[in-house]
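In: no letters, just coordinates:
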């Protein structure tokens, strides 16, 4: 059992691992990866099982329990965050000098957005994003061709001269748009982007791009 509240389990047999959510969503469903990633607690379990280090800490399903655990984290740099939100919503980074009032406020803010909250150690380092296609790593985020990836970088304070924003809201994993999933928010989208699923095109240096209008996407 990965997450009882979220109906997430893992099955292993004969060297194969299958992640299942709500009994019907498996590797046969292209959404299962997104469903894994949107649940941070499950993501940490998957990373740990693969031998990768995940931040230490605790999961809380009740605000009073989390708020009463301040002594456990006092004097340490920590992150308080909802288990299933994106774009930093409800996330608080607290320094080692943070007091109990500040900690409790962060816990309350996180629980306002989700029923489960994580309190973790702050891990110093850089962030990388990997593009995995067909079980193989095709690229590490660098010189992106896709409009969405470019906009993500434009939102990163360490990479952008002026911070940009991505219009619209992120659709739930279970209700993705037709055609190109990014078309409602893409500044380069055209009418056919809402209809046709973009093909995966091979680019130089072993890269790939799934875009219905690569001639526009590749303009640097």
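Out: Received the coordinates, thanks. Owing to the predicted nature of the structure, the values given are computational and were not obtained by experimental measurement.
In: ok, residue 166 touching residue 187?
Out: No. Contact criterion C-beta atoms under 8 Å: residue 166 and residue 187 do not qualify, at 9.4 Å. Backbone N, C-alpha and C define where each C-beta goes, glycine included.
In: more neighbours: these two, which one.
Out: residue 166 (17 against 10; other C-beta atoms under 10 Å).
In: that one and residue 19: what is the separation?
Out: 28 Å (C-beta to C-beta, to the nearest Å).
In: residue 54 now?
Out: From residue 54 to residue 19 the distance is 16 Å (C-beta to C-beta).
In: same thing with residue 178?
Out: 25 Å.
In: next one: residue 57
Out: Taking C-beta to C-beta, one finds residue 57 at 22 Å from residue 19.
In: cool, and residue 63?
Out: 29 Å.
In: element containing residue 66, please.
Out: Assessed by DSSP states H and E, residue 66 sits inside helix 63-67.
In: residue 110 too?
Out: helix 100-111.
In: contacting residues around that helix?
Out: By C-beta atoms under 8 Å, 6 or more residues apart in numbering, the residues outside helix 100-111 that reach it are 60, 63, 66-67, 70, 73-74, 80-82, 90-92, 94, 117, 119.
In: quick check: neighbours shared by residue 166 and residue 187?
Out: residue 151.
In: how does the protein divide into domains?
Out: As assigned by automatic domain parsing, the chain contains the domains 8-49, 57-121, 130-217.
In: rank the ones you listed by pLDDT, which is bottom?
Out: For the domains of the chain, the weakest mean pLDDT is recorded on domain 130-217, namely a mean of 77.
In: so how far is that one off the chain centroid?
Out: Mean-position distance between domain 130-217 and its chain equals 15 Å (C-alpha atoms, centre = their mean, to the nearest Å).
In: same thing with stretch 28-43?
Out: What separates the centre of stretch 28-43 from the centre of its chain is 9 Å, taken as C-alpha atoms, centre = their mean.
In: stretch 54-66 too?
Out: 19 Å.
In: which positions in that stretch come out as buried?
Out: Buried residues in stretch 54-66, counted by 16 or more other C-beta atoms under 10 Å: 54, 57, 60, 63, 66.
In: farthest pair within those residues?
Out: Farthest-apart pair in the buried residues of stretch 54-66 is 54 and 63; separation 23.3 Å (C-beta to C-beta).
In: strands of this protein, residue ranges please.
Out: Secondary structure of the chain (DSSP state E): strands at 8-13, 16-21, 57-60, 78-82, 92-94, 117-121, 130-133, 136-140, 200-202, 208-210.
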